[in-house]
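S.K.: this one's sequence-less:
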């Protein structure tokens, strides 16, 4: 008897089956997040190269500051009484570095924590601090980006490389074009010295590449306490 198409791995993995693969990366995470009753998330972005054991690294301090900020946010989120489900669950791209730090801080607070990994030619193992039932893996970058952002009420970009820049500017563009509501999303650049050295936003505005008001799309914070105070206020407003 011939194989049903949905059971046929040759069809599923073919060019013609791509739509089904994409759809599965939309519906699968939706079902699992709904089952876990995750209403909203806080997304941490940042370098995978941050090493907690390498004190000489430029990213070393940011690892521990990300861990502390995630701890503060997760501890506060646990105290938030949501009618149904969980709000402000810490979410990352599941890898090492800043991602590991954020999952680690949330786990230290006793919170659930999400990791959304991506399959790469050189595999990136998921860090050990992710709640097992909230550990995901994606083939398609755009589907991973969708789920990293879709439930996020706040996004915090710690110092990082191409991936962090890509994700930050994509979110900033969605906010700028009102594809994401400015009232529903808080965007934070963490580490003022790093970002000011890397990108001259004021110069972009002065040259007319962006509007002066676009500089209000994000907040620059440089300590865990400063970022926590800002995000707690902003996130509390989304519950009102």
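M.R.: Structure received. Everything quoted here is computed from the prediction, not taken from an experiment. Numbering: from 1, shown residues only.
S.K.: of all residues in the protein, which one is nearest the centre?
M.R.: residue 43 (2.9 Å; Cα atoms, centre = their mean).
S.K.: how about the secondary structure of that residue?
M.R.: Classification of residue 43 using DSSP: H, G, I helix; E, B strand; the rest coil returns strand.
S.K.: same check on residue 48?
M.R.: The three-state label given to residue 48 by three-state DSSP is coil.
S.K.: nearest residue to it in space, please, no chain neighbours.
M.R.: The shortest distance from residue 48 to any non-neighbouring residue, by Cβ to Cβ, 6 or more residues apart in numbering, is to residue 97 (4.0 Å). In short, each C-beta sits where N, CA and C put it, glycine included.
S.K.: what is the burial count for that neighbour?
M.R.: Residues near residue 97, counting by other Cβ atoms under 10 Å, number 25.
S.K.: spit out the contact partners of it.
M.R.: Residues in contact with residue 97 (Cβ atoms under 8 Å, 6 or more residues apart in numbering) are 46, 47, 48, 49, 50, 51, 59, 63.
S.K.: equivalent analysis for residue 39, please.
M.R.: Residues near residue 39 by Cβ under 8 Å, 6+ apart: 82, 84, 85, 86, 87, 151.
S.K.: for the helix or strand that contains residue 146, packing partners?
M.R.: According to DSSP states H and E, residue 146 maps onto helix 141-150. Under the contact definition 3 or more Cβ pairs under 8 Å, 6 or more residues apart in numbering; DSSP states H and E, helix 141-150 sits against helix 18-35, strand 113-118, strand 135-138, helix 162-176.
S.K.: deepest-packed of the ones you listed, please.
M.R.: Greatest average neighbour count among these goes to strand 113-118 (a mean of 25), per mean count of other Cβ atoms under 10 Å.
S.K.: how far out from the middle of the chain is that one?
M.R.: In terms of Cα atoms, centre = their mean, to the nearest Å, the centre of strand 113-118 is found 9 Å from the chain centre.
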